[in-house]
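Enquirer: this one's sequence-less:
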């Protein structure tokens, strides 16, 4: 099946990564581009249920992806394999900007990151493209519980880069919801070794609907737990730490404050770090 019009441009080979972008519908490829170093694709048709965006590269490395006009270009670490982003509809779409994935013209791009973009200390946790199906672009967030399985309470909402935390529900107020589970835990996978220097938490602050956590722990690869003492606040709560090198980290052992509300939640987590040497 062929549907829509694809416009593409190929760039001279100045890097080692071959970048592939495609619009697919089940087993049908509706549009695609493959190019070294940098590639873009214009898809001129409406998305329909069952459509998905697929990105892959044959070499691991850093890539800047823009796969939806209303999501910011994102620096990710891409492993070999295919990243598939199902086009969201209905309940699955309300955690994204209302105009996202709509219309009849869609611009998608990928390029190798420049060396200066990955040097020094930076945000290594934000990925608005993250989704349950993701296994190949990092960072990637997972959790052992998400409230009612709803998209607006999924783990990805805590790494989408949106810190609005004065309400809950549809975008921009999506958050990681724990369904009142005291054993809830959220894991960030980085896809390679990184050195973490600071952890920043934005608690959801829809008070008095919300409660908050007074304490949490962060566990690194080596099993070391870092204790965080939290406050009832809508502001960034920053925790500089002794630099620790790890491939993943888990936020766990969340201790709810003594508050009548049963609903603590996390609006956003930011991790500042650098590439491990």
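Expert: Right, received. Where do you want to start? Treat the numbers as computed from the prediction; the structure is a model and nothing was measured. Numbering: from 1, shown residues only.

Enquirer: For residue 203, which residues count as its bridge partners?
Expert: Going by DSSP bridges, residue 203 is paired in beta bridges with residue 266.

Enquirer: I'd say it and residue 236 touch.
Expert: No - Residue 203 is not in contact with residue 236 according to Cβ atoms under 8 Å; the separation is 9.8 Å. Using the backbone N, CA and C atoms, a C-beta is placed for each residue, glycine as well.

Enquirer: ok, the two, which is more surrounded?
Expert: Neighbours per residue (other Cβ atoms under 10 Å) separate residue 203 from residue 236, with residue 203 holding more: 26 against 12.

Enquirer: list the contacts for that one?
Expert: 165, 210, 212-213, 230, 232-234, 237, 264-267 (Cβ atoms under 8 Å, 6 or more residues apart in numbering).

Enquirer: ok, now residue 32?
Expert: Counting by Cβ under 8 Å, 6+ apart, residue 32 touches 6, 20, 21, 22, 23, 41.

Enquirer: Mind putting those into CSV with distance to residue 78?
Expert: CSV is the format used below for the contacts of residue 32 (distance: Cβ to Cβ, whole Å):
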residue, distance to residue 78
6, 22
20, 11
21, 12
22, 15
23, 18
41, 17
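
Enquirer: Among the residues you listed, which pair sits farthest apart?
Expert: Among those, the pair separated by the greatest distance (Cβ to Cβ) is 6 and 20, at 12.9 Å.

Enquirer: which residues do those two both contact?
Expert: Listed as contacting both residue 6 and residue 20 by Cβ under 8 Å, 6+ apart are 32, 33.

Enquirer: So residue 273 lies in a helix, does it not?
Expert: No - membership of residue 273 in a helix is not supported by DSSP: H, G, I helix; E, B strand; the rest coil, which gives strand.

Enquirer: Excluding chain neighbours, what is closest to it?
Expert: Distance criterion Cβ to Cβ, 6 or more residues apart in numbering; nearest residue to residue 273, sequence neighbours excluded, is residue 196 at 4.3 Å.

Enquirer: Got phi/psi on residue 201?
Expert: Residue 201 adopts backbone torsions of phi -120, psi 140, taken as degrees, to the nearest 10.

Enquirer: How much space separates it from residue 235?
Expert: Using Cβ to Cβ, to the nearest Å, we find residue 201 at a distance of 10 Å from residue 235.

Enquirer: Tell me which of the two has more neighbours.
Expert: A direct count of neighbours by other Cβ under 10 Å for residue 201 and residue 235 places residue 201 higher, at 21 against 11.

Enquirer: Do I have it right that that one meets residue 264?
Expert: No - Residue 201 is not in contact with residue 264 according to Cβ under 8 Å; the separation is 11.4 Å.

Enquirer: Show the residue spans covered by the strands in the stretch 151-277 of the chain.
Expert: In the stretch 151-277 of the chain, the segments counted as strands under DSSP state E, counting those that start in this stretch are 176-177, 186-203, 213-220, 225-229, 237-256, 265-275.

Enquirer: Need the winner for burial among the ones you listed.
Expert: strand 176-177 (a mean of 26; mean count of other Cβ atoms under 10 Å).

Enquirer: Tell me which other helices or strands that one touches.
Expert: Helices and strands touching strand 176-177, by 3 or more Cβ pairs under 8 Å, 6 or more residues apart in numbering; DSSP states H and E, are strand 265-275.
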